[in-house]
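Enquirer: Sharing a model prediction with you, sequence too.
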Amino acid sequence: MQTLHTVNLVIHVSLGTLGLLLGLITLIYQNQYQRHIRFGRYFLYALTVVVATALIGILFFRSNPFLLMLTLLGGYVGYSGYRSVRLKEKRSSPADTLLTISVLVASILYARSIQLAAGSWSPAVIYSTMSALWLVTGYDLIKHLWLYQRLQNWWLYEHIYKMMSAYSALASAFSGTVLSHFKPYSQILPSVVCILFIIYFIRKQIEKRMLTNLGD
């Protein structure tokens, strides 16, 4: 079992590090459509392996509330960010909604379980991560069930937010592990930086859309 754990850990760390690099390259090529798509796809491949190996590690080798919540968050926003750009203005499918509900329920149940357990974890970090997950899943459900017509044009903003959130989850896991002596700041700081980038890029797209509308 120790050998399997080591192999799983090596794959997880290697692909996580590669994912950080690929995500950065994808961001650099944001204005070069074909390269942005190509490296964005590579980033999602790396993220998929990271999420899979994290789940294997959590289920069979060790349980860590912070890493589990990051796994749920990173996996879900990565998938949902990919779907937003694939669907664009189309309504999400029943399968998408079922996945959203499943992730939401799993996170709520896990939040309840760690609340009852006595563990050495930082509530500020755990609940901020949960809140980020609940924000995205709640938004996706509201959009699908009630506000699809009003929010269908927001797909690009959703894509930016969700993919940057997936990158933030990777960065927080990496920073929190490598700089463990600086917890919880090493876990929180990457999220703060990524939120600033999210605000910047969404604002940039809003201004671009406004200029386009004025030109029309």
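Expert: Happy to help now that I have it.
Enquirer: correct me, but I202 touches Y161?
Expert: Yes: between I202 and Y161 there is a contact under C-beta atoms under 8 Å: 6.9 Å. Heads up, the C-betas are built off the backbone N, CA and C, glycines and all.
Enquirer: more crowded one of those two?
Expert: The residue with more neighbours, out of I202 and Y161, is Y161; 24 against 17, by other C-beta atoms under 10 Å.
Enquirer: helix or strand for that one, which one?
Expert: helix 155-178 (DSSP states H and E).
Enquirer: Toward the C-terminus from that helix, list the very next helix or strand.
Expert: helix 185-215.
Enquirer: Next, the angle helix 155-178 makes with that next one.
Expert: 160 degrees (axes from the mean of the first three to the mean of the last three C-alpha atoms, to 10 degrees).
Enquirer: Pull out the buried positions in helix 185-215.
Expert: 186-191, 194, 198, 201-202 (16 or more other C-beta atoms under 10 Å).
Enquirer: For this structure, give me the ranges with low pLDDT.
Expert: For the chain, applying pLDDT under 70 flags the ranges 63-66, 114-123, 215-216.
Enquirer: Whatever helix or strand V105 lives in: what's the following helix or strand?
Expert: Per DSSP H and E, V105 falls inside helix 94-116. For helix 94-116, the succeeding helix or strand toward the C-terminus, using DSSP H and E, is helix 123-145.
Enquirer: just how off-centre is the helix or strand just after that following helix within its chain?
Expert: With elements assigned by DSSP H and E, the helix or strand that comes after helix 123-145 is helix 148-151. In terms of C-alpha atoms, centre = their mean, to the nearest Å, the centre of helix 148-151 is found 23 Å from the chain centre.
Enquirer: residues making contact with helix 148-151?
Expert: Here helix 148-151 makes contact (C-beta atoms under 8 Å, 6 or more residues apart in numbering) with 91, 143.
Enquirer: Please apply the same query to stretch 202-212.
Expert: Stretch 202-212 has contacts (C-beta under 8 Å, 6+ apart) with 156-157, 160-161.
Enquirer: Who wins on neighbours among these?
Expert: Y161 leads those on contacts (other C-beta under 10 Å) with 24 neighbours.
Enquirer: can you tell me how far the spatially most central residue of the chain sits from K90?
Expert: In the chain, the residue lying closest to the centroid (C-alpha atoms, centre = their mean) is A166, at 2.6 Å. A166 sits 21 Å away from K90, going by C-beta to C-beta, to the nearest Å.
Enquirer: now swap in H12 and tell me
Expert: H12 is 34 Å from K90, by C-beta to C-beta.
Enquirer: Between these two, tell me which one has more neighbours.
Expert: Regarding H12 and K90, a neighbour count based on other C-beta under 10 Å identifies H12 as having more, with 20 against 11.
Enquirer: Skipping adjacent residues, who's closest to that one in space?
Expert: T53 (3.8 Å; C-beta to C-beta, 6 or more residues apart in numbering).
Enquirer: Now do whatever helix or strand L24 lives in against helix 155-178, angle only.
Expert: Using DSSP H and E, L24 falls within helix 2-28. Orientation check (the same axes, to 10 degrees): helix 2-28 against helix 155-178 gives 140 degrees.
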